[in-house]
Every structure is written in C-alpha cells, then in structure tokens.
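Colleague: Just a sequence and a predicted model for now, questions to come.
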Amino acid sequence: MSGNLPPGVTASDIDRHYGGGIPDHEHEWVPVQGLSPVLEDMAAIFHEQCHWAEVVNSYTDHRRDETYYETGAECEAERHYRFELTYVELPCGQRLDRDDIDRLEAGGDESMFEAMLDAVIGAERAFPEDTEVVDIDPYPEVGQVVVRHDGYELGYGGEA
C-alpha cells in the first residue's frame, strides 16, 4: 500500500491519523437480548456481540472512589448460532424426535405433521410472552432450549 500514498506520507502517518485498527484480542461475547433466543424457522437463534474495547487511559476520582476508562478501538464483531428443532412432545405424551419429524414431512401422516407444524409456529409467535421457558442453555456446542406452549413441549438442540 505504501506505493499508493502521496509523496512524503507514510503508512504510520495514516495509522496515527486514523488509528491503527483493532489489535488482536479475545472476543468478549455478550448476548444482545439477554439469554433469550429468537424462535423462527424451526430453530432457536442466539445473537451475540463482542464488547471488547481498547483501554487507552484511565483515571480515578478519589472522592467518589470510582475509576473511569477512556477507550480507543472497539470490536464490532457479531455472531449468530442456531439450535435446530430436535423434538416435539405432543399433549398426549407422544414424543416426535427429529427423525420422526423428517419422516412425517417426507410423506408420512400429513395431519399429524400439520398439527405439529401449527404447534411449532404457534410457539414461535407466542415466544417469549405466552410461552413457558423450561430451559435455556446458550452454549453453542452443547446447549439447548426447551419451551412449552398450548400443551406442546418443543426442544431445540446444539450440534453435540
């Protein structure tokens, strides 16, 4: 890039003027919506942002006994991850695992598939206000989300 700069201007001049960019860092992932995922498309989707910020200066107010930090570069990275629908437990107590759901979709009992699909869509529309949250474990590899709505229990799982 140094060949594209005007005469007398160096790359360090550009860095000094615009900042040197974001230094290498460990991402500090924080959920955007607390621990609550978004339920849609037969999945529980989590959204997180990195809240890392470079501390360039600090000072302490001894009267208030507080330390204030001046920040420089901030990371704006985001990530989303999905927990796919793994099971639906019907009000009658019957449990449909993912294989059962796929089989119903591929040409099994259409009325049962439509009823199950209506229950999933109803829970997605009602979440989180009118849905009972049984468990939320937001770890991408092994987590799960379990909710109940209108007698149906829906389980979403990570990629374990």
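Modeller: Noted; the coordinates are in hand. Residues are numbered from 1 along each chain as shown.

Colleague: Remind me what the longest helix anywhere in the chain packs against, helices and strands.
Modeller: Taking DSSP state H as the criterion, the chain has its longest helix at helix 110-126. In terms of contacts (3 or more CB pairs under 8 Å, 6 or more residues apart in numbering; DSSP states H and E), helix 110-126 is packed against strand 38-40, strand 78-89, helix 98-107, strand 144-149, strand 152-157. All C-beta spots, glycine's among them, are computed from the backbone N, C-alpha and C.

Colleague: Check which residues of it are buried.
Modeller: The neighbour-count criterion (16 or more other CB atoms under 10 Å) identifies Phe113, Ala115, Met116, Ala119, Val120, Gly122, Ala123, Glu124 as the buried residues of helix 110-126.

Colleague: helices and strands around the following helix or strand past it, which ones?
Modeller: Per DSSP states H and E, helix 110-126 leads on to strand 132-137 as the next helix or strand towards the C-terminus. The criterion is 3+ CB pairs under 8 Å, 6+ apart, and the helices and strands that strand 132-137 contacts are strand 144-149.

Colleague: Provide the strand pairings for the strand it packs on, with the direction of each partner.
Modeller: Sheet pairing of strand 144-149 (DSSP bridges) gives strand 132-137 (antiparallel), strand 152-157 (antiparallel).

Colleague: ok, then the element right after the least confident helix or strand in the chain by mean pLDDT?
Modeller: The weakest-scoring helix or strand in the chain, judged by mean pLDDT, DSSP states H and E, is helix 11-18 (a mean of 63). On the C-terminal side of helix 11-18, the nearest following helix or strand under DSSP H and E is strand 29-35.

Colleague: quick one: contacts for Glu74?
Modeller: Glu74 is in contact with Ile22, Trp52, Ala53, Glu54, counting by CB atoms under 8 Å, 6 or more residues apart in numbering.

Colleague: Who does it form a beta bridge with?
Modeller: Bridge pairing for Glu74 (DSSP bridges) gives the partners Ala53.

Colleague: Please apply the same query to the one 10 residues further on.
Modeller: Using DSSP bridges, the beta-bridge partners of Glu84 come out as Ala43, Gly157.

Colleague: Pull up the gap between it and Thr71, please.
Modeller: Counting by CB to CB, to the nearest Å, the separation of Glu84 from Thr71 is 38 Å.
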